[in-house]
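A.B. asks: Provided below for reference: sequence and predicted model.
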Amino acid sequence: MSDKQNRQGACLCGAITLTAEFDKTDVGACHCPTCIKWSGGPLMELECGSRVQFKGEQHIQTYASSNYATRGFCKICGSHLFIKDKHSNYGVPPGLFDNSAGLKLNRQVFFDKKPTYYGFSNKTVNIDSDYIYQHHPETLDVK
């Protein structure tokens, strides 16, 4: 466990910004069918407890996906913002944060439900952004 940190982030379109305070740098991956359906793959999340603040709340849409959790997303761009349990603890996708230094994937939950078409330990072809930008210049705005 490390010292408490504040990190800022935003949704894809920038209509919603967030600040989260957390003391763990563990990133988890959830393979449950609901997360797979919602995100198209595992939901990556950083446990932030209840210490998350949003600006642009009028652009947040929520969906009670189960008795356990509510999911939030941007009404404009569709970015996944959080999963919040019934105790108001937030799990925030780490990709929303401007700085991901020090974050580490250390757990996978509902591993028995993980589809066979992906695995974090699989050997893959790793295509870097320079290659994509060179061969697909229309993606230059994707940072």
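C.D. replies: Cool, got the structure. Residues are numbered from 1 along each chain as shown.
A.B. asks: all strands of the chain, in order?
C.D. replies: 5-10, 17-22, 26-30, 43-49, 52-55, 60-64, 69-74, 80-85, 90-92, 104-109 (DSSP state E).
A.B. asks: which of these is buried the deepest?
C.D. replies: Looking across the strands of the chain with neighbours counted as mean count of other CB atoms under 10 Å, the highest average goes to strand 90-92: a mean of 23. Any C-beta I mention is one placed from the backbone N, CA and C, and that applies to glycine too.
A.B. asks: would CSV of the strands of the chain with mean pLDDT and distance to Y131 be doable?
C.D. replies: Shown next, in CSV, are the strands of the chain (pLDDT from 0 to 100; distance: least, CB to CB, whole Å):
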stretch, mean pLDDT, distance to Y131
strand 5-10, 92, 27
strand 17-22, 92, 31
strand 26-30, 90, 26
strand 43-49, 92, 24
strand 52-55, 97, 36
strand 60-64, 96, 36
strand 69-74, 95, 29
strand 80-85, 95, 27
strand 90-92, 95, 30
strand 104-109, 89, 24
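A.B. asks: Could you point out which of the ones you listed sits nearest H135?
C.D. replies: Closest to H135 of these is strand 43-49 (CB to CB; 26.8 Å).
A.B. asks: so what does that closest one touch, helix or strand wise?
C.D. replies: strand 17-22, strand 26-30, strand 80-85, strand 90-92 (3 or more CB pairs under 8 Å, 6 or more residues apart in numbering; DSSP states H and E).
A.B. asks: how does it look with 6 Å?
C.D. replies: Identification of packing neighbours for strand 43-49 by 3 or more CB pairs under 6 Å, 6 or more residues apart in numbering; DSSP states H and E yields strand 26-30, strand 90-92.
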